[in-house]
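Visitor: Quick one, fold the following:
(2 chains)
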Amino acid sequence: MENYDLIALIALSCIWLLLMVNQVLVVAGYIYYIRSTRFREKTIQEYPMVSIMVPAHNESKVIGRTVESLLNFDYPKDKYEIIVVNDNSSDNSHQILADIQHRYPDRRLIVLNTDHITGGKGKSNALNLGFEKASGELLAIYDADNTPERDALRYLVSEIVHDEKLGAVIGKFRTRNKNVNLLTRFINIETLSFQWMAQAGRWQMMKLCTIPGTNFIIRRSIIESIGGWDPDAIAEDTEISFRIYLMGYAIKFIPHAVTWEQEPQTLKVWFKQRTRWVKGNIYVLIKNLPLLFSRKTHRIQFDMLYFLSIYFLLLTSLVISDVLLILNAIGYVHVTLAGLSILLWMMAILLFTISTFITLTTEKGELTLSNFFVTLLMYFTYCKMWMVVAVYGAYQYLMDIVFKRTVKWYKTERF
Amino acid sequence: MKWKVLLFVLLLVIMSQPVTAEVLDSEVLVVYSNDAQVQDIQDLIVSCGYRPVLVAEWNYQSGMMDQYAKIVIMSERPLEDAVHLEKQVMVLGEYDMSSYGIETRNTLGQTSAVLSVYDLQQRILYRENRAYIVDTQGEFIGRQQMMGEEYPVGIITDDVLFAPYYSREDISIFAVAMMMNRYFDQPDSGKTMILIDEIYPFSDLTMLQQSAEIFHDHGIPFTLSLMPIYDNVDYPAFSRYTQLLRYIQSLGGSMIMHQPIVRTEEMENEELEDKMERAYAAYDEQDVILYDNNIRMFDISIDMIQNIEPIAYRDMAFPIDTVIRFPIFQERQTLNDTIDLINHKWLYIADYRQQHGKQIYSYKEGEIQNDFQYREKQVGSYKFLVDTGNQVLSIIVALSVLVIGSLTVIGYAIYRGKFIKRER
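Guide: You can find the predicted model right below:
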């Protein structure tokens, strides 16, 4: 009995601790938002050459629109190139890309078509292939389903060229298909709150961000020094972020550089995507675990602790507390932990709701009553789904390790 | 050889004697045709201290009546056999009694009548044709004046006690009661009791207290029928309940235990006798005196009393023991009206305690524990930590809500300036 009580107490304490940490991040992130409203773009004296890389695998539904958007940047046309790595695609992506190349003969649009021998090894490998062809001193990465705004690239470049301490600059991604169903509405709110809380808040406090995998720019020299992307990392964005930290650089979040991407519209697709993220992030965290104890990397220890606490501590605690609750209810175990205040629990739900909702004030059209109720609903539904994803992702990671399974890059299904 | 013959003859003699069935003295055979009417007669027989044995006419067989000393016939079928019996029978109902030399006629249409039974009088209206006894020799029981003549309500002869009509709604039922007194050789005298029925710990105790006080103030004895309580007798509610009962005792109220009402599943783990033993013990521990419940009185309603008058200027009484049964009074006005009626009718109410060894009781108010633990509080582990945590977190969360709420307000202002005003 005592053991279960102690476990329950520890789990609850962890949950509350992390909730409080997140509240601090929310406040910090919002302060950054308020500061960003006074954003003034820095003038670029000399436009550097930028190589935009787009890894794509069977993206015929979206690749055309994406490339058209990239071609439409308000950045000097001779100062950027677009490298599309059409990685082992079996659809008509190559035809679509060829057509675009034909229509824009004067633009630097490079298409690399790989097969299962030269490619088909995931996004990291595709980026490495594209990197070999890149000539720019800055590398910008966009996912194949993204449609960035015209000024996105210019904003990213203007920040990175004016601050040598920046190893990368990330922009904001929005959900293009947010109104399709309740799931996409959840994802829309999730992405906004994540960016304004986790990214902006960490930047405001620690000058730290994590590369989101798309709509970001990075110095070529960094990629060269680290030898490219880790082909085993399915969460290559988190992996490269850590490497940038280790090199002493910072990663800045610029909310004005916006891209729009398509999010999963079905639970099955969402589940697979999120599981991949979890697996990938666990891989990166474990790989870089020794850094947690290194004095040289005290700046990233917070980030590591933050991710460790989210992926391991928080989700484990949530799972444990829920399992104990269920087992106690069915009489299998007997938890006699003195009861938490119901009022406190309700206040926590309110806190979660308003701290998520506050991020919606940053975006036009998001500050609605229906979004408030969707946010409230998320506490009881979407957050619980994430717990399942976390458990399954951890399980999959363990299975990969135990059975030495090849890490497979799952491509998100497009609609 | 001779002794064998003698033995054989002896056996023959013995076997030739008529076999008579044992005659049951304390039981009364009732042969009936109508379920509704037999209930009233059943109650009357019980109040006379006898046990009715009910036989529906379709189950009646010749020879049944031989086994009973007392027989009440409420059906045409056994009448033929009854005539040949060598004992007096009671016949109730509109049957052809010519075999007994009793002549009856029917009223025609609505007929008003004035009934006089025992010391009681009542004016009634026969709405349908009713049979009545005419021109017959015998002892008249009760009289009814109608159509300018006087006729008996019931009649007693050597062979039969007969009443063609009776109703529990009027005093004709007392004529039947008097006939039963004759039949069972009992005197025409009865006591009337007031009974407040089915008292629970969660009854309206305030009204119960008021009722007891008002009965006491008017000098009217009364009895409470308490429901058996088997469990949770250590609750303060039970203590408050029994405290009131003790107070009512001191006002002269007597108490009896109501018959148990239990569901079958409640007796799965415990016998009813054991449950009742616990119930008695529970009241006994609280000094609530319970008298024996041997009420075999005939129920009458207060509405019936309202419609009858005593013949002479004296207390109203009935020929049999009667009980006026009330539920707990819901309103003070109803209680007052009942008291007024009892006083107006000069209804003499007997004290139940007089028959059962009256006990004097003086009331003393006891202390009731109000902080009773209905459920054992489970001591939570790490209580101090959790309680402290609750308090600390409540403050932190409240502050967070305040801060983030304030930021939301600022954010909304920015939102309006940025997205709404610009559009205009």
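Visitor: State which helix of chain A is the longest.
Guide: helix A:2-36 (DSSP state H).
Visitor: buried sites along that one?
Guide: By 16 or more other CB atoms under 10 Å in any protein chain shown, the buried positions in helix A:2-36 come out as A:4-5, A:7-9, A:11-12, A:14-16, A:18-19, A:21-23, A:25-30, A:32-33, A:36. Where you see a C-beta, it was placed from the backbone N, CA and C, and this is true even at glycine.
Visitor: Check those residues one by one and keep those near chain B.
Guide: A:5, A:9, A:16, A:23, A:26-27, A:30, A:33 (CB under 8 Å from any CB of the partner chain).
Visitor: which other helices and strands contact the helix or strand of chain A with the lowest mean pLDDT?
Guide: Least confident helix or strand, chain A: helix A:298-308 with a mean of 74, by mean pLDDT, DSSP states H and E. The helices and strands touching helix A:298-308, judged by 3 or more CB pairs under 8 Å, 6 or more residues apart in numbering or on different chains; DSSP states H and E, are helix A:200-206, helix A:236-246, helix A:267-287.
Visitor: what's around the residue in the stretch 201-350 of chain B that chain A sits nearest to, how many residues?
Guide: Distances between the stretch 201-350 of chain B and chain A by CB to the nearest CB are smallest at B:Asn269, namely 22.4 Å. Neighbours of B:Asn269 under the rule other CB atoms under 10 Å in any protein chain shown: 8.
Visitor: Repeat that for B:Lys87.
Guide: Quick note: B:Lys87 (other CB under 10 Å) scores 13 neighbours.
Visitor: and what of B:Leu393?
Guide: 22.
Visitor: got it, and A:Lys364?
Guide: 12.
Visitor: Next, it: phi, psi?
Guide: Main-chain torsions, A:Lys364, degrees, to the nearest 10: phi -70, psi 140.
Visitor: which residues touch it?
Guide: B:415, B:418-419 (CB atoms under 8 Å, 6 or more residues apart in numbering or on different chains).
Visitor: now do 7 Å
Guide: Counting by CB atoms under 7 Å, 6 or more residues apart in numbering or on different chains, A:Lys364 touches B:Phe419.
Visitor: quick check: mean pLDDT across stretch A:256-273?
Guide: In this model, stretch A:256-273 has a mean pLDDT of 91.
Visitor: wait, does that stretch contact chain B?
Guide: No - applying CB under 7 Å from any CB of the partner chain, one finds stretch A:256-273 separated from chain B by no less than 12.6 Å.
Visitor: Name the residues of that stretch that are buried.
Guide: A:256-265, A:269-273.
Visitor: tell me the most buried of the helices and strands packed on helix A:298-308?
Guide: Highest mean neighbour count of these: helix A:236-246, a mean of 24 (counted as mean count of other CB atoms under 10 Å in any protein chain shown).
Visitor: and the angle from that one to helix A:267-287?
Guide: Counting by axes from the mean of the first three to the mean of the last three CA atoms, to 10 degrees, helix A:236-246 points 30 degrees away from the direction of helix A:267-287.
Visitor: Point out the other helices and strands that helix A:236-246 packs with.
Guide: With contacts taken as 3 or more CB pairs under 7 Å, 6 or more residues apart in numbering or on different chains; DSSP states H and E, helix A:236-246 sits against helix A:267-287, helix A:298-308.
Visitor: Could you tell me how far the least confident helix or strand of chain A lies from the centre of the chain?
Guide: 16 Å (CA atoms, centre = their mean, to the nearest Å).
Visitor: Other residues contacting it?
Guide: A:206, A:208, A:242, A:245, A:281, A:285, A:288, A:291-292.
Visitor: what two of these have the greatest distance between them?
Guide: Using CB to CB, the pair of the contacts of helix A:298-308 lying farthest apart is A:Met206 and A:Asn281, separated by 18.2 Å.
Visitor: Against chain A, how distant is the spatially closest residue to B:Ile173 that is not a sequence neighbour?
Guide: Of all residues not flanking B:Ile173 in the chain, B:Tyr166 sits nearest, at 5.3 Å (CB to CB, 6 or more residues apart in numbering or on different chains). From B:Tyr166 across to chain A, the span is 64 Å (CB to the nearest CB, to the nearest Å).
Visitor: Next, give phi and psi for B:Tyr166.
Guide: Torsion angles, degrees, to the nearest 10, at B:Tyr166: phi -160, psi 160.
Visitor: from the stretch 1-150 of chain A, which residue is nearest to chain B?
Guide: For the stretch 1-150 of chain A, CB to the nearest CB, closest residue to chain B: A:Asp5, 4.4 Å.
Visitor: Pretty sure that residue sits against B:Leu385.
Guide: No - between A:Asp5 and B:Leu385 there is no contact under CB atoms under 7 Å: 10.3 Å.
Visitor: Report the inter-axis angle for the longest helix of chain A versus helix A:298-308.
Guide: Orientation of helix A:2-36 against helix A:298-308 (the same axes, to 10 degrees) gives an angle of 120 degrees.
Visitor: Past helix A:2-36, which element shows up next along the chain?
Guide: Counting by DSSP states H and E, the element after helix A:2-36 in chain order, helix or strand, is strand A:50-56.
Visitor: Could you spell out the sheet neighbours of that following strand, each with its direction?
Guide: Each strand paired with strand A:50-56, and its direction, by DSSP bridges: strand A:80-87 (parallel), strand A:138-141 (parallel).
Visitor: packing partners for the longest helix of chain A?
Guide: Taking 3+ CB pairs under 7 Å, 6+ apart as the contact cut, helix A:2-36 packs with helix A:200-206, helix A:315-329, helix A:342-357, helix B:383-415.
Visitor: Of the ones you listed, flag the one that's most buried.
Guide: helix A:200-206 (a mean of 21).
Visitor: Who are the packing partners of it?
Guide: By 3+ CB pairs under 7 Å, 6+ apart, helix A:200-206 packs against helix A:2-36, strand A:250-261.
Visitor: Would you single out the least confident of these?
Guide: Taking the mean pLDDT of the helices and strands packed on helix A:200-206, helix A:2-36 comes last: a mean of 83.
Visitor: Any stretches of the chain with poor pLDDT?
Guide: All of this refers to chain A. Filtered on pLDDT under 70, chain A yields the residue ranges A:1-2, A:233-235, A:295-299, A:311, A:337-341, A:406-415.
Visitor: Actually, chain B is the one I wanted.
Guide: B:1-25, B:266-267, B:313-314, B:357-364, B:366-380, B:421-424.
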